[in-house]
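Asker: Curious how this folds, go ahead:
(one chain, ligands or ions: 1)
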Amino acid sequence: MSVHKKERDMKLELQGIKKSFDGTEILHGINFSVEGGSALGLLGRNGAGKTTTIRIIMDVFHADEGQVLLDGAPFVYQPGQVGYLPEERGLYPKRLISEQLVYLAKLRGMNKKQAEENMRKWLTRLDVIQYENRKLDTLSKGNQQKVQLAATLVADPDIVILDEPFSGLDPVNSQILKDVINELIADGKIVIFSSHQMSYVEEFCEDIVVINHGEVALAGNLDKIKEEYGKGHKAVAAVGMESEELEQILRDKFADQVQVISHNKHHVVTQILPEQDEWQVLSRFKELGIRLRSYGVYEPSLNDIFVSAVGDEETPEDIKEKNNIGTSFSEFEPKQKKGLFGKRG
Ligand SMILES: Nc1ncnc2c1ncn2[C@@H]1O[C@H](COP(=O)(O)OP(=O)(O)OP(=O)(O)O)[C@@H](O)[C@H]1O
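Answerer: The predicted structure follows:
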């Protein structure tokens with residue numbers, strides 16, 4: 001809202017956030033920050049602690065330790081300043097859409113005229129204005145979702161937190177929402193976007209934070225993370241061979257020259273071992289009669305990065321073990337971790 005600080009200057013920071021429920025610590029010291037005019041992807045497996053983190057920002061829960069800061073000062077939650085689309089949507093199914101939105105806008109500090117104008121503005125922008133005098137539960141799932149989004153944005157919040165906003169939207173409506181999110185970013189808002197749909201995260205999040213078992217497993221600028229992650233890695237594919245078969249050959253016959261990092265349907269990701277020569281690796285393929293279909297720079301997807309960061313660990317002990325001996329992200333570039341990763345513990 002215009003009464004708040006100019007959005008573009010804003011910086012929201014979480015410092016050392018810890019939270020326990022019934023004596024069990026769920027968040028072990030969450031640190032991240034996000035600035036106005038950018039979107040942060042808040043990622044993590046189910047139960048990692050994303051919603052709990054958001055609820056602390058929203059002042060639903062108090063942190064046991066740590067603090068939330070806005071521009072360096074303790075953040076005092078004000079309803080008009082933050083728009084939150086929770087995973088479990090919050091509107092009343094049996095009430096008129098227009099009434100609910102106007103009510104929410106007034107609750108968040110707007111006068112009646114502003115509230116009515118904004119209700120129409122957002123219903124129009126999201127292409128659901130034709131339903132303003134209908135009850136929510138008479139709309140299709142996708143249109144209900146768009147009304148929920150209008151309710152999130154109705155008071156023009158400076159900070160927008162969206163939990164799986166694309167769920168239930170068809171491609172046309174997804175495009176409308178993508179455009180709206182890009183407009184929010186261009187307007188200088190802080191956008192926190194929590195989703196398991198990596199393609200959307202890649203599309204508009206400048207930075208990401210991956211929470212794993214209540215800890216920040218990976219954080220930073222997404223382009224830089226991709227660069228770091230792909231550094232020194234080659235994606236290899238061979239003619240007439242599935243990735244699994246090629247991976248086995250690499251493990252059996254190339255163990256002195258390359259390390260296998262991972263594989264997917266299309267290729268095996270490798271790293272040449274120190275002191276080894278790439279040309280010798282290529283000639284060994286030739287000696288073994290393996291024709292390469294492709295051999296080139298590995299460009300990781302966010303999905304690859306996410307899986308490497310959180311793996312399939314079930315316990316913190318597994319994470320530690322994996323970070324020491326496995327193929328987790330932190331192993332790839334151990335000396336480059338500083339500044340890119342959040343601290344553990
Ligand atoms: N009010 C609560 N009381 C007790 N435990 C809770 C409470 N809220 C969350 N938890 C626990 O905290 C952990 C993190 O939950 P949270 O909802 O933050 O995960 P999430 O990352 O948002 O997961 P998802 O992707 O499935 O939504 C879970 O183990 C959950 O059971």
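Asker: Please name the nearest non-neighbouring residue to the residue in the stretch 201-345 of the chain positioned nearest to the ligand.
Answerer: Closest approach between the stretch 201-345 of the chain and the ligand, counting by CB to the nearest ligand atom: Ile211, at 6.6 Å. Bear in mind the C-beta positions are built from the backbone N, C-alpha and C, glycine included. Using CB to CB, 6 or more residues apart in numbering and skipping residues adjacent in sequence, the residue nearest Ile211 is Gly44, 3.8 Å away.
Asker: Am I right that that neighbour is in contact with Thr51?
Answerer: No - contact criterion CB atoms under 8 Å: Gly44 and Thr51 do not qualify, at 9.7 Å.
Asker: Got the phi and psi for Thr52?
Answerer: With angles defined as degrees, to the nearest 10, Thr52 sits at phi -60, psi -40.
Asker: Contact partners for it?
Answerer: 19, 26-27, 61 (CB atoms under 8 Å, 6 or more residues apart in numbering).
Asker: pLDDT value on it, please?
Answerer: With respect to pLDDT, Thr52 scores 95.
Asker: Distance of it relative to Thr152?
Answerer: 19 Å (CB to CB, to the nearest Å).
Asker: Can you pull the residues of this structure lying near the ligand?
Answerer: Residues of the chain lying near the ligand by CB under 6 Å from any ligand atom: 21, 26, 44, 46-52, 87.
Asker: Could you pick out which of these are located in strands?
Answerer: 21, 26, 44 (DSSP state E).
Asker: Going by neighbour count, which of those residues are buried?
Answerer: Buried members of those, counted by 16 or more other CB atoms under 10 Å: 26, 44.
Asker: Switch the ones in strands among the residues of the chain next to the ligand over to CSV; also include distance to Pro165 and pLDDT.
Answerer: Below are those laid out as CSV (distance: CB to CB, whole Å; pLDDT from 0 to 100):
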residue, distance to Pro165, pLDDT
Phe21, 26, 95
Ile26, 24, 96
Gly44, 17, 93
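Asker: list the contacts for the residue nearest to Ile211?
Answerer: Applying CB under 8 Å, 6+ apart, the residues contacting Gly44 are 50, 210-212, 217, 310.
Asker: Swap in 7 Å and give it another go.
Answerer: By CB atoms under 7 Å, 6 or more residues apart in numbering, the residues touching Gly44 are 50, 210-212, 310.
Asker: Phi first, then psi, for the residue in the chain sticking out farthest from the centre.
Answerer: No residue in the chain sits farther from the centre than Glu287, which is 44.4 Å out by CA atoms, centre = their mean. Torsion angles at Glu287 (phi, psi; degrees, to the nearest 10) stand at phi -60, psi -40.
Asker: Tell me the spacing between it and Met241.
Answerer: For Glu287 relative to Met241 (CB to CB), the value is 16 Å.
Asker: ditto for Ala255
Answerer: Taken as CB to CB, the span from Ala255 to Met241 is 18 Å.
Asker: try Phe21
Answerer: When Phe21 is compared with Met241 (using CB to CB), they lie 50 Å apart.
Asker: same thing with Met119?
Answerer: Distance from Met119 to Met241, by CB to CB: 59 Å.
Asker: do the same with Thr124
Answerer: In terms of CB to CB, Thr124 sits 55 Å off from Met241.
Asker: Same drill for these two, tell me which one is more crowded.
Answerer: Met241 (17 against 13; other CB atoms under 10 Å).
Asker: Wait, a strand at the more buried one?
Answerer: No - remark: Met241 does not belong to a strand; assigned using DSSP: H, G, I helix; E, B strand; the rest coil, it is coil.
Asker: Name the SS class of the nearest residue to it once chain neighbours are set aside, please.
Answerer: In space, and not counting its chain neighbours, Met241 is closest to Ile290: 7.4 Å by CB to CB, 6+ apart. When classified by three-state DSSP, Ile290 comes out as coil.
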